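Q: Return atomic coordinates for the entry below.
(2 chains)
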Protein chains: 2
Amino acid sequence: MRVHIIGTGLLGASLGLALSAKGHQVTLEDTSPTAQQLAADLGAGQVVTPKATNAEAADPNAATDAASPAAHPDIVVVATPPDVAARVIASALEDYPNATVTDVASVKTRLLEAVRELATGTQLDRYIGCHPMAGREKSGAIAAQSDLFTARPWVICSDEDTPADRLGEVIAMAEDTGASVLHLDPRIHDAAVAKVSHVPQVVASLVASQLRHAPLEEISLAGQGLRDVTRIAASDPGLWTQILTGNAEEVRSVLVDLRTELDEVISALELGPGSTGLLAKAIALGNEGHDRIPGKHGQPPTTYAVVTILVPDTPGTLARLFKDIGDLGVNVEDFRMDHASGRKLGMVDVSVVPAIQQELEIGLLSKGWQIPESAIEKEGTA
Amino acid sequence: MRVHIIGTGLLGASLGLALSAKGHQVTLEDTSPTAQQLAADLGAGQVVTPKATNAEAADPNAATDAASPAAHPDIVVVATPPDVAARVIASALEDYPNATVTDVASVKTRLLEAVRELATGTQLDRYIGCHPMAGREKSGAIAAQSDLFTARPWVICSDEDTPADRLGEVIAMAEDTGASVLHLDPRIHDAAVAKVSHVPQVVASLVASQLRHAPLEEISLAGQGLRDVTRIAASDPGLWTQILTGNAEEVRSVLVDLRTELDEVISALELGPGSTGLLAKAIALGNEGHDRIPGKHGQPPTTYAVVTILVPDTPGTLARLFKDIGDLGVNVEDFRMDHASGRKLGMVDVSVVPAIQQELEIGLLSKGWQIPESAIEKEGTA
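A: Modelled structure (predicted):
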């Protein structure tokens, strides 16, 4: 397929890398000549200048003649920042009258409305909104990777008017990146990402914000819980402002519900001992929601046994550990290294199916590893 | 040392295991005969019946005579649930007139006030409040482990009236568990744990709570961000109710600040495009707080390079990976397995010092591992 990608940031450049690796003919375009060239140099595709408006100022080496892949792309992917996506999608529908046009923006309803205002009815049949749920805390082509979409959900928001052949093209492209295709209504998509992505982002940022003026001796008590809750607080303010603005209604709705429960907790803390029931309820409701989060590989939560191993922080130790685990024929479902505070020593939690926990513990102890004497313990995969 | 532990839950039993392993004479006491016996069976120490009040109903095998270690302990550790800790500490000061009495409760100011009301001035010199910052999402002696305290902060709240010899005893005991001793004023401790532990717990529970009624197709979009933010939402409501009640004032104060910022975000979402500055500010303030969280081993945040490796989900793969990394002489600072959705494939993020990133990537590629073509990327250790 001939795929033309407009916008060569993290997502556009990663998509170019993934599709080029699969043998597709990828052309690239970006308002920033530097970003465009960087993506091309990284192997994401061939640079072209924009088809119509910038033709006069065209780079003589760019592929703009009628025979070039950019002149007649099968698919145009708009991977610009969200706040200009609607305009760029409408231009692409105009400029490439035979192409299927899609995008990668993380909010779908408002974008679809904006595109509907800018494009004609027949043009709209060629637009299929998408949201590949991939990203990182870094941005730009410099952070691109060809496997960014591998095993990630790729949401497609088609409707009953979408021609089957165009839908098929988009599905084929998405699957060639290694992503798992999901079909969702735009409103359901936006409600979902508000709960599973946008609100967690806001709240992680708010928790981290409370640490701004804390004395260092207070922050020195930070543990894994705080680290986990605030990891995504390192995200880019510019991008997140656009995402939150684009999904303002859904995000606001969930945040208002959350604020109601927060108010109840604050009131309970003011009331003192008599209101412990309210506090217990808040934590219990969290248990309930937590239990609904699916486990690894999108399957329902699985109960694994966790074996904790003490490891000295020296080169080769993890290699020895995982070699010993492999020699025991044990498949590791999940693992996590717990940071030690104040000394060069770490703890590794290895999750395995409960049936082989004892075998693993006995095996590792016999190989000289330090394992707590705990009896069998279980927890979810979260 | 002779150490008498009152309360054989997760912390008490783990402490017994750790101190017994170091050759100390540990005796155990719990209001639940089952919990007490379980801890003893696990190797946490020797069962005794309570010294005074229950003496008549004593187990004939229990060590209650004057020659037994429980009769004259050097240290009594109160490891009961927080809501009865003050009363039990006061009784211990009465029952063991020569012993140093300490505790493991996670809130210190209110407890100290309560103990001051119940005990005499001379008794108070023998009480030294502590908070070993260790725990798990599981509870009870069954989840105990001798290395629970290893490399964790052990906060000691002594003051200028604390006799040096008694303080020395408590420090020696804490260090024998492998913990890192920190000295903090009770108020500073409580303000710190409100920010780094109690508020993150409340907020994680509130975020998870919003998922209670979400359709499964929405929850299927959950990614690592949500999983991280909500991991501790699996915690025990009963214990957390006591902790939050005990530190109500400090937790409330931080939650009120957080609510003010939440209100600003909600208002900004209502105002629309004109207020994007407020949204950007909220995320940027989160960046600022996030950057203050110390890195591994309690050192200041370090910038590591992250190498992402694609791994098939089969036994032995992690072993091969870490063996190959070890063979390259590379020390892994941190690692994380990212869950794949919809297929049997995982991604492992390995953090290393930036200077050896390129060497690691080249080395792994030459050994046949799949690594994204990313240029050099950096992130904090969170």
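Q: Count the neighbours of A:Ile356 for me.
A: Using other CB atoms under 10 Å in any protein chain shown, A:Ile356 has 16 other residues around it. Glycine gets a C-beta too; all of them are placed from N, C-alpha and C.
Q: Can you give me the distance of it to chain B?
A: 11 Å (CB to the nearest CB, to the nearest Å).
Q: Not counting residues beside it along the chain, what's closest to that residue?
A: A:Val330 (5.7 Å; CB to CB, 6 or more residues apart in numbering or on different chains).
Q: My read is that the one you found contacts A:Glu359, right?
A: Yes: between A:Val330 and A:Glu359 a contact is recorded at 7.4 Å, counting by CB atoms under 8 Å.
Q: Could you check which of the two has the larger neighbour count?
A: More neighbours surround A:Val330 than the other of A:Val330 and A:Glu359, with 23 against 13 (other CB under 10 Å).
Q: Phi, psi for the more buried one please.
A: Recorded main-chain torsions at A:Val330 are phi -100, psi 130, according to degrees, to the nearest 10.
Q: now do A:Trp369
A: Main-chain torsions, A:Trp369, degrees, to the nearest 10: phi -80, psi 150.
Q: Can you classify the residue of the stretch 51-200 of chain A found nearest chain B by secondary structure?
A: Nearest residue of the stretch 51-200 of chain A to chain B (CB to the nearest CB) works out as A:Gln145 at 2.9 Å. Classification of A:Gln145 using DSSP: H, G, I helix; E, B strand; the rest coil returns coil.
Q: wait, what's in contact with A:Ala192?
A: Applying CB atoms under 8 Å, 6 or more residues apart in numbering or on different chains, one finds that A:Ala192 lies in contact with A:184, B:214, B:217-219, B:221.
Q: Which of the helices or strands spans it?
A: Taking DSSP states H and E as the criterion, A:Ala192 maps to helix A:186-193.
Q: Over to A:Val3?
A: In this assignment (DSSP H and E), A:Val3 forms part of strand A:2-6.
Q: Point out where chain A drops to low pLDDT.
A: Within chain A, the stretches with pLDDT under 70 are A:49-70, A:137-138, A:295-303, A:313, A:315, A:338-346, A:372-382.
Q: From the centroid of it, which residue is nearest?
A: Here the mean C-alpha position of chain A is nearest to the C-alpha of A:Ala134 (CA atoms, centre = their mean), at a distance of 3.5 Å.
Q: CA-only coordinates of the helix or strand where A:Ala39 lies, as CSV, when you get a sec.
A: When elements are assigned from DSSP H and E, A:Ala39 belongs to helix A:33-41. What follows is helix A:33-41 as a C-alpha-only set of coordinates in CSV (Å, rounded to 0.1, in the frame of the first residue of the first chain):
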residue,chain,number,x,y,z
PRO,A,33,11.2,20.6,7.6
THR,A,34,13.6,19.5,10.4
ALA,A,35,11.1,17.0,11.9
GLN,A,36,10.2,15.7,8.5
GLN,A,37,13.9,15.1,7.6
LEU,A,38,14.6,13.5,10.9
ALA,A,39,11.8,11.0,10.4
ALA,A,40,13.0,10.2,6.9
ASP,A,41,16.6,9.8,8.2
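Q: Go through it and flag the buried ones.
A: A:35-40 (16 or more other CB atoms under 10 Å in any protein chain shown).
Q: Now the element after that helix, going C-ward?
A: Next helix or strand after helix A:33-41 toward the C-terminus (DSSP H and E): strand A:46-47.
Q: residues touching the residue nearest to A:Ile356, list them.
A: When the contact criterion is CB under 8 Å, 6+ apart, the partners of A:Val330 are A:352, A:356, A:359-360, A:363, B:315.
Q: Spatially nearest residue to A:Ala21 (excluding sequence neighbours)?
A: Nearest residue to A:Ala21, sequence neighbours excluded (CB to CB, 6+ apart): A:Ser146, at 5.3 Å.
Q: Touching, that neighbour and A:Leu17? I think so.
A: Yes: under the criterion of CB under 8 Å, A:Ser146 makes contact with A:Leu17 at 3.7 Å.
Q: I'd say A:Ala105 and A:Met133 touch.
A: No: counting by CB under 8 Å, no contact exists between A:Ala105 and A:Met133, whose distance comes to 11.7 Å.
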